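# I would like to see how this sequence folds:
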Amino acid sequence: WRFYTARNTNWDTLVTSTGTSTTTEQSDAIPVRVHAYPSQIGPRAEPVRDGPDIIDTWGTDRVSPRETIGENVTVEVVNETYTPTYGLAVRAESVDREALRVGGIVRGVNATIVDPQVGSARQLRESNLSVELVSQTTSNATLRVELHDNQTGAPIASNGSDRQYPIGGSSHSGYITVGDQRVATNESGVAVVTLDEPGIYTARYHPGTWLGHDPAYVGDTASVRWHPLGTLEGWVTFVFEVGWQAIPFVVTFYAGRRLLRMFGPTDSDYRNQ
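Now for the predicted structure:
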């Protein structure tokens, strides 16, 4: 946020009225107001030296206030939708709660440090992602992806139906990618993916932020390889396709041999020479 001061032009003149007359005169007072606006050029919130890392922010999208600023006011206001931040999540290696101070954008105004509610502490666990090739044909393959809690073995549903969001109301509950596909596991921690291009595929679990999930998880990866030649049907199809494609070459070769025998020199010609 940045600030500018501007006068209210309605106070440029004063009107004095009596029971019989009205007079207008220039005002000696020029009252001004301080206006705040979202600026294109800053300031920016950045950690200082070894200060805490900014992990996440919360805010509400708003439209640019450019149209509400007077034509005689020239400031670097944002031209597009912007998001004023009302909350920050920061992380520090060591914290002295008694020494915590939060300063606002107005000098001398401080925020009060509020202890988190009971249950805000989150567990961080490892996830276990596995992928299995369950069926395949010459044109496609089906993968079974499973995601579980590595500590308890409980399934992890990446659709967010049974997750908690104690901070900020985040709706990002994590997801899984397989190649360029994005999938979510069901209540049993299972997702089924169909592939139509052979190759080596890596399934990757992208967990939701630990700020809004309890328990929170770290990501995991698993790989699987699919190729049509991995099945008997694939080999039969391959051999048939190669044979079918080779027919024109075989016919051409045979015809060439026949023509050489018909019009080419014979053994007796070589002996006469």
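# For the chain, give me the ranges with low pLDDT.
42-46, 104-107, 111-121, 159-173, 228-247, 249-251, 253-273 (pLDDT under 70).
# quick check: domain ranges of it?
2-91, 124-226 (the TED database).
# Most tightly packed of the ones you listed?
domain 124-226 (a mean of 16; mean count of other Cβ atoms under 10 Å). Where C-beta positions appear, they are placed from N, C-alpha and C, glycine not excepted.
# wait, doesn't Thr60 sit right on Thr85?
No - counting by Cβ atoms under 8 Å, Thr60 sits too far from Thr85 to count as a contact (9.3 Å).
# you'd agree Val15 is up against Gln26?
No - because the distance of 11.4 Å does not satisfy Cβ under 8 Å, Val15 is recorded as not touching Gln26.
# Tell me where this structure has helices.
Using DSSP state H, the helices assigned to the chain run over residues 232-263, 267-272.
# Identify the residue spatially nearest to Thr22, adjacent ones excluded.
Nearest residue to Thr22 in three dimensions, chain neighbours excluded: Val15, at 6.3 Å (Cβ to Cβ, 6 or more residues apart in numbering).
# re earlier: output the domains of the chain in JSON lines; the columns should cover distance to Gly103.
Supplementary listing: the domains of the chain in JSON lines, determined by distance: least, Cβ to Cβ, whole Å:
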{"stretch": "domain 2-91", "distance to Gly103": "11"}
{"stretch": "domain 124-226", "distance to Gly103": "22"}
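# right, and the ones you listed - which one's nearest Asn110?
domain 2-91 (14.8 Å; Cβ to Cβ).
# can you give me the end-to-end distance of the closest one?
With Cα to Cα, to the nearest Å as the measure, the ends of domain 2-91 fall 27 Å from one another.
# chain center to that domain: distance?
Taking Cα atoms, centre = their mean, to the nearest Å, one finds domain 2-91 lying 33 Å from the centre of the chain it belongs to.
# if we can go back for a sec, who's in contact with the residue nearest to Thr22?
Val15 sits next to 22-24 when contact means Cβ atoms under 8 Å, 6 or more residues apart in numbering.
# so it bridges to which residues?
Using DSSP bridges, the beta-bridge partners of Val15 come out as Thr24.
# what about it, distance to Pro65?
31 Å (Cβ to Cβ, to the nearest Å).
# same thing with Glu71?
Relative to Pro65, Glu71 is positioned 14 Å away (Cβ to Cβ).
# Quick check: end-to-end length of stretch 97-109?
Length of stretch 97-109, first residue to last, Cα to Cα: 19 Å.
# As CSV, could you dump the C-alpha coordinates of the longest strand anywhere in the chain?
Longest strand of the chain, by residue count under DSSP state E: strand 124-136. Extracted C-alpha coordinates of strand 124-136, given in CSV (Å, rounded to 0.1, in the frame of the first residue of the first chain):
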residue,chain,number,x,y,z
LEU,A,124,3.9,-34.5,9.4
ARG,A,125,4.0,-38.0,8.0
GLU,A,126,5.5,-39.9,5.1
SER,A,127,3.2,-41.1,2.3
ASN,A,128,3.5,-44.4,0.4
LEU,A,129,2.6,-44.2,-3.3
SER,A,130,2.5,-47.3,-5.4
VAL,A,131,1.5,-47.9,-9.1
GLU,A,132,0.8,-51.2,-10.8
LEU,A,133,0.1,-52.2,-14.4
VAL,A,134,-3.2,-54.2,-14.1
SER,A,135,-4.1,-54.7,-17.7
GLN,A,136,-2.8,-53.8,-21.2
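# Tell me which residues are up against that strand.
141-151, 156, 176, 178, 201, 203-205, 207, 210, 215-226, 228, 230-231, 234.
# Determine how far it lies from the middle of the whole chain.
22 Å.
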